[in-house]
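A.B. asks: Just the structure for this:
(one chain, ligands or ions: 2)
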Amino acid sequence: MKKWTETQKNRLLELNADTKNLAQEFEDETKRNKSFQMLITALVKTQKIKLEKMRSNKRRSRFCLLCDKLVKALTSKGFVQVTTPTMMAKSLLKKMSITDFHPLTKQIFWVDSNRCLRPMLAPHLYYIMKDLLRIWEKPIGIFEIGSCFRKESEGARHTSEFTMLNVCEFGLPMEKRQTRLEELAGFVMEASHIDDYELETEESAVYGSTIDVVTQKPHGLELGSGAMGPHPLDDAWKINETWVGIGFGVERLLMAKDKSNTLGKYTRSLTWLDGVRLNL
Ligand code: ATP
Ligand code: MG
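C.D. replies: Ligands and ions are numbered 1, 2, ... in the order given. Sure thing, here's the model as predicted:
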């Protein structure tokens, strides 16, 4: 029996063929290649219909709609949305203990000798929080959704530019932190329509250990990483507070919702529009 060639399989994946089609086998190559042509024609048609709906009616991608939902969910719970710069000062990375020999250092995109494209949102959130703690009554909750950049060895679950949602709350009762962290994870999971997740403790190069939100096995995809303070990193910001914080990859949320194995079509892209490949 003949399976699809690698090239055929890749094209079928691009065109969002389902698992049944992908697993098809044929008596010989001629039959396979003929089926391939027929299947491609049908799939291209379906993708064009999806694109047409995008143009005539939907007009915003699932990615944008999810960001909207997350904003709505968090602001309605009292969290304030902030927007900080995409470029980050080297001195702020240093405050996160990311200096020359840190594992994350190799992953940083430098803009010049003093600035990089932010690999995470936390330093800027710490920065803002330090001021807000002087001005506002506690507890204080803020969040940001924005691009982060890391040099990755480009697996199916990583991309060099991804979108992070980081939500944190400072000045809450010490004994409420674990419950609150679980609640924050719950808000994000609910807005993303993901119900098969669990919390796991993981090693972290930045925080020592993190409380991760992962999808259930066998996928076991990390969706987010959470941490709690007071934390040794707080000293550098002159912050002496209880806190909880958690950062999610927005693309991973969409990937998990679809139970997909690859991130590609959910990322900021020049070749995909709302999950439809543009080389139709
Ligand atoms: P992983 O272990 O999957 O590489 P991480 O622990 O290095 O992720 P964190 O620093 O915890 O990542 O970042 C918070 C979240 O951001 C992750 O849980 C993940 O959802 C997302 N994320 C991190 N790096 C990437 C990437 N390169 N591409 C897409 N999403 C990412
Ligand atoms: Mg993590």
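
A.B. asks: And the helices in the stretch 151-280 of the chain?
C.D. replies: Here the stretch 151-280 of the chain has its helices, by DSSP state H, counting those that start in this stretch, at 177-191, 250-257.

A.B. asks: Specify the stretch among those helices that is closest to T83.
C.D. replies: helix 250-257 (14.9 Å; C-beta to C-beta). Yep, even glycine has a C-beta here, placed from its N, CA and C like the rest.

A.B. asks: what packs against the closest one?
C.D. replies: For helix 250-257, the packing partners by 3 or more C-beta pairs under 8 Å, 6 or more residues apart in numbering; DSSP states H and E come out as helix 62-76, strand 161-170, strand 222-229.

A.B. asks: Using a markdown table, please lay out those together with mean pLDDT.
C.D. replies: Below are the helices and strands packed on helix 250-257 laid out as a markdown table (pLDDT from 0 to 100):
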| stretch | mean pLDDT |
| --- | --- |
| helix 62-76 | 98 |
| strand 161-170 | 98 |
| strand 222-229 | 96 |
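
A.B. asks: What parts of the stretch 1-150 of the chain come near ligand 1?
C.D. replies: For the stretch 1-150 of the chain, the residues in contact with ligand 1 (C-beta under 6 Å from any ligand atom) are 120, 150.

A.B. asks: follow-up on the earlier one: could you say which of the helices of the stretch 151-280 of the chain is packed most deeply?
C.D. replies: The highest average neighbour count among the helices of the stretch 151-280 of the chain, using mean count of other C-beta atoms under 10 Å, belongs to helix 250-257 at a mean of 23.

A.B. asks: That one: how far from the chain's middle?
C.D. replies: 7 Å (C-alpha atoms, centre = their mean, to the nearest Å).

A.B. asks: Report the mean per-residue pLDDT for it.
C.D. replies: On average, the pLDDT along helix 250-257 is 97.

A.B. asks: CA atoms of it as PDB?
C.D. replies: Output in PDB follows, covering the C-alpha atoms of helix 250-257 (Å, rounded to 0.1, in the frame of the first residue of the first chain):
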ATOM      1  CA  VAL A 250      -1.800  33.400  22.900                       C
ATOM      2  CA  GLU A 251      -0.900  31.200  19.900                       C
ATOM      3  CA  ARG A 252      -0.600  28.200  22.200                       C
ATOM      4  CA  LEU A 253      -4.100  28.900  23.500                       C
ATOM      5  CA  LEU A 254      -5.500  28.600  19.900                       C
ATOM      6  CA  MET A 255      -3.400  25.600  19.300                       C
ATOM      7  CA  ALA A 256      -4.700  23.900  22.400                       C
ATOM      8  CA  LYS A 257      -8.300  24.800  21.600                       C
END
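
A.B. asks: Go through it and list whatever outside residues touch any part of it.
C.D. replies: Residues from elsewhere that reach helix 250-257 (C-beta atoms under 8 Å, 6 or more residues apart in numbering): 62-63, 66-67, 70, 145, 157, 159, 162-165, 188, 192-194, 197, 215, 219, 221-223, 262-263, 266-267.

A.B. asks: mind running it again at 6 Å?
C.D. replies: Helix 250-257 is contacted by residues 162-163, 165, 192-194, 215, 221, 223, 263, 266-267 when judged by C-beta atoms under 6 Å, 6 or more residues apart in numbering.

A.B. asks: For the residue most central in space within the chain, list the residues it contacts.
C.D. replies: Centroid check for the chain by C-alpha atoms, centre = their mean gives G249 as the closest residue, at 1.3 Å. Residues near G249 by C-beta under 6 Å, 6+ apart: F162.

A.B. asks: With V214 as the reference, measure out to it.
C.D. replies: In this view, G249 and V214 are 12 Å apart by C-beta to C-beta, to the nearest Å.

A.B. asks: do the same with S35
C.D. replies: Distance from S35 to V214, by C-beta to C-beta: 38 Å.

A.B. asks: So the two - more neighbours on which side?
C.D. replies: Between S35 and V214, counted using other C-beta atoms under 10 Å, V214 has the larger neighbour count: 18 against 15.
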